[in-house]
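Visitor: need the 3D shape of this:
(2 chains)
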2 protein chains.
Amino acid sequence: MGRWQPDAQVRLQEAALALYGERGYEETTVAEIAERAGLTKRTFFRYFTDKREVLFRGSELLEQQMVAAIEAAPASASALGLIGAALDAAAIRFEEVREFAGPRHRIIASSHELQERELIKAASLAAAMAGALRARGLGDTTAALAARTGTTIMHVAFEQWVEDPDQTPFQRIARDVLAQLREIASTG
Amino acid sequence: MGRWQPDAQVRLQEAALALYGERGYEETTVAEIAERAGLTKRTFFRYFTDKREVLFRGSELLEQQMVAAIEAAPASASALGLIGAALDAAAIRFEEVREFAGPRHRIIASSHELQERELIKAASLAAAMAGALRARGLGDTTAALAARTGTTIMHVAFEQWVEDPDQTPFQRIARDVLAQLREIASTG
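Guide: So this is what the prediction gives:
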């Protein structure tokens, strides 16, 4: 029980997503998640601060990886080129967690509290990307516009990807959405 | 006391903004707002459900006016043309409340709870505009992209407008920001 269990975190995440889907997020307790995973509450709290964190663990890492991609892009990259690099980094991350992404997405859509949390994470991501873009020499307005355009593309592409029966890679969908945005912006 | 006081709402808003600025939002009570306005708590609750609503009253109206502008735009309007029409409607509204906009903006920036509320309002506005754009025949992806681009432009333009020492009209700033977005999207 006190031992480090390498798969405990994943088992807890799977158990939590299953229970949130079956009973609803509000109705599920940490004790029930631990029991379903065959672990104790104490083990749960070794990995997560609360039942909400099970859904949002990993968003800091996503933000760091997207910012790192902006920092590492070639000097010649345009504002949207830098955003494209950040979206490519997000694509790698999303494909790794594809299995969880659909259930997680539906659970978040079911709860106002979780949607608020998701909005805050998106605002934090936009602010972090804007900072990275300014550090690359972009002006304040350009950096703010490009960063928020990045979260817009990510959101719209994610909604398509997560429900796509053909399991099209996120990267391809995101590039299509970026192309559509360029099209919209060049018209009229 | 029981009488309808035509200026009571404005007096309460002015008193609330002054107190939030002096003491902080969290520390201010409804009783103090009413006292500063020379009115009773009962009168306060005739106009507002709570002290938060003093800051967000009017955002439904803004959303309605932006949606109405999309509905009323010429049939030939492009996706960003429709967003431009919505931003022109927002400009009229913002100029009417310019006096309150700066203090309100700083108070919201001071509180996580209020920032969350602001994010939810922006998401609601994007969803309402996307619905209006779909009703004009735009596809789901184009409507979602254009609507979120609209809230991005509004946000970035608002941040400049609200702190602008020259009091440049919101409409002019929003058009400049829209032009910058077109520039970003057409490069690289």
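
Visitor: what strand or helix carries A:Ala68?
Guide: helix A:59-72 (DSSP states H and E).

Visitor: so which elements touch that helix?
Guide: helix A:79-96, helix A:112-135 (3 or more CB pairs under 8 Å, 6 or more residues apart in numbering or on different chains; DSSP states H and E). C-beta here means a position set from N, CA and C on the backbone, and glycine is covered the same way.

Visitor: and chain A, what are its domains?
Guide: A:8-54, A:58-186 (automatic domain parsing).

Visitor: so can I have JSON lines of these showing mean neighbour count, mean pLDDT and distance to B:Thr187?
Guide: Formatted as JSON lines, the entries for the domains of chain A read as follows, by neighbours: other CB atoms under 10 Å in any protein chain shown; pLDDT from 0 to 100; distance: least, CB to CB, whole Å:
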{"stretch": "domain A:8-54", "mean neighbour count": "17", "mean pLDDT": "94", "distance to B:Thr187": "40"}
{"stretch": "domain A:58-186", "mean neighbour count": "18", "mean pLDDT": "95", "distance to B:Thr187": "5"}
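
Visitor: returning to what we had before: what does the helix holding A:Ala68 contact?
Guide: A:82-83, A:85-90, A:92-93, A:121, A:124-125, A:128-129, A:131-133, A:135-136, A:150 (CB atoms under 8 Å, 6 or more residues apart in numbering or on different chains).

Visitor: quick one: distance of it to the chain centre.
Guide: For helix A:59-72, the separation from the chain centroid amounts to 11 Å (computed by CA atoms, centre = their mean, to the nearest Å).

Visitor: do the same with stretch A:144-162
Guide: Going by CA atoms, centre = their mean, the spacing between the C-alpha centre of stretch A:144-162 and its chain's C-alpha centre is 11 Å.

Visitor: so is that stretch next to chain B?
Guide: Yes - using CB under 8 Å from any CB of the partner chain, stretch A:144-162 reaches chain B at A:144-146, A:148-149, A:152-153, A:155-156, A:159-160.

Visitor: the residues you listed in helices, which ones?
Guide: Residues from the residues of stretch A:144-162 next to chain B lying in helices, with DSSP state H as the criterion: A:144-146, A:148-149, A:152-153, A:155-156, A:159-160.

Visitor: residues of chain A that sit close to chain B?
Guide: For chain A, the residues found near chain B under the criterion CB under 8 Å from any CB are A:77-81, A:115-116, A:119-120, A:123, A:141-142, A:144-146, A:148-149, A:152-153, A:155-156, A:159-160, A:177, A:180-182, A:184-188.

Visitor: kindly recompute the last result at 6 Å.
Guide: With CB under 6 Å from any CB of the partner chain as the criterion, chain A comes near chain B at residues A:78-79, A:81, A:116, A:119, A:123, A:141, A:144-146, A:148, A:152, A:156, A:180-182, A:184-188.

Visitor: about what we covered before: any chance of the residues of stretch A:144-162 next to chain B in TSV, plus distance to B:Lys41?
Guide: Formatted as TSV, the entries for the residues of stretch A:144-162 next to chain B read as follows, by distance: CB to CB, whole Å:
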residue	distance to B:Lys41
A:Ala144	41
A:Leu145	44
A:Ala146	47
A:Arg148	40
A:Thr149	45
A:Thr152	43
A:Ile153	48
A:His155	42
A:Val156	45
A:Glu159	45
A:Gln160	50
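
Visitor: and those, which is closest to B:Gln167?
Guide: Of all the residues of stretch A:144-162 next to chain B, the one with the least separation from B:Gln167 (CB to CB) is A:Ala144, at 21.1 Å.
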